[in-house]
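Student: Sequence isn't available, so here's the structure alone:
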């Protein structure tokens, strides 16, 4: 019975979100099916995180852009797999209206963070960190990788836990749809 209720709720969620964005149902394919769009945008906390060098930073620096906000860690194998795909997304769409923002959450040694990026060839993503997990706790990051999509007002509109093929045609079509007025 629990399974049937969960299945019903999942179909209701998809139907509700597809109604809010008719193209959504067609865009979420493959690993992107794990991306859950919210019925209403959710406000984000104003918690600070840190730049690679330890200076304070906030998401307010990205106001006016759609953001793919990715939480990761140096010990996370799925994070290692998807980070180059996020880099590709940034290379294709990054600019005035869009950014991929990566934040290493938890105890990640900055030298290990740099090595992580160097080892997998990531050069165009920011090396932010949330060593005390203040931001990640406030927004309920419970597993890694976790990726949120924020609208230009800085509100969470979608969330995914687990890795995904962010360079897939499905992901790119979804980002294109978000960026098209």
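Tutor: That came through, no problem. These numbers come from a predicted model, not from an experiment. Numbers count the residues shown, from 1 in each chain.
Student: can we go C-alpha only for contacts and neighbour counts from here?
Tutor: Noted.
Student: Quick check: which ranges of this structure have low pLDDT?
Tutor: Along the chain, the parts satisfying pLDDT under 70 run over 1-26.
Student: Just want the most central residue of it.
Tutor: By Cα atoms, centre = their mean, the chain has its centre lying nearest to residue 147, at 2.6 Å.
Student: State the phi and psi torsions of that one.
Tutor: Torsion angles at residue 147 (phi, psi; degrees, to the nearest 10) stand at phi -130, psi 130.
Student: Look up the closest residue to it, ignoring the ones flanking it.
Tutor: In space, residue 147 comes closest to residue 70 once its chain neighbours are excluded; the distance is 4.3 Å by Cα to Cα, 6 or more residues apart in numbering.
Student: Now do the SS call for that neighbour.
Tutor: For residue 70, the assignment made with DSSP: H, G, I helix; E, B strand; the rest coil gives strand.
Student: and it, how far is that from residue 181?
Tutor: 24 Å (Cα to Cα, to the nearest Å).
Student: Compare neighbour counts for the two and give me the winner.
Tutor: A direct count of neighbours by other Cα atoms under 10 Å for residue 70 and residue 181 places residue 70 higher, at 24 against 5.
Student: Residue 179 contacts residue 97, correct?
Tutor: Yes - counting by Cα atoms under 8 Å, residue 97 is a contact partner of residue 179 at 7.2 Å.
Student: the strands in this protein, which residues?
Tutor: With DSSP state E, the ranges of strands along the chain come out as 36-42, 49-50, 56-57, 66-72, 98-105, 128-130, 146-150, 156-161.
Student: Just name the most buried of those strands.
Tutor: strand 128-130 (a mean of 26; mean count of other Cα atoms under 10 Å).
Student: which strands and helices sit next to it?
Tutor: Packing contacts for strand 128-130, counted by 3 or more Cα pairs under 8 Å, 6 or more residues apart in numbering; DSSP states H and E, involve strand 49-50, strand 98-105.
Student: Just the residues contacting it, thanks.
Tutor: By Cα atoms under 8 Å, 6 or more residues apart in numbering, the residues outside strand 128-130 that reach it are 49-52, 102-106, 108, 136.
Student: if we go to 10 Å?
Tutor: The set of residues external to strand 128-130 that reach it, using Cα atoms under 10 Å, 6 or more residues apart in numbering, is 47-57, 71-73, 101-110, 113, 135-137.
Student: residues contacting residue 153?
Tutor: Per Cα under 10 Å, 6+ apart, neighbours of residue 153: 41, 43-44, 60, 62-66.
Student: Now rank the residues you listed by neighbours and give me the top one.
Tutor: Highest neighbour count within the contacts of residue 153, by other Cα under 10 Å: residue 66, with 25 neighbours.
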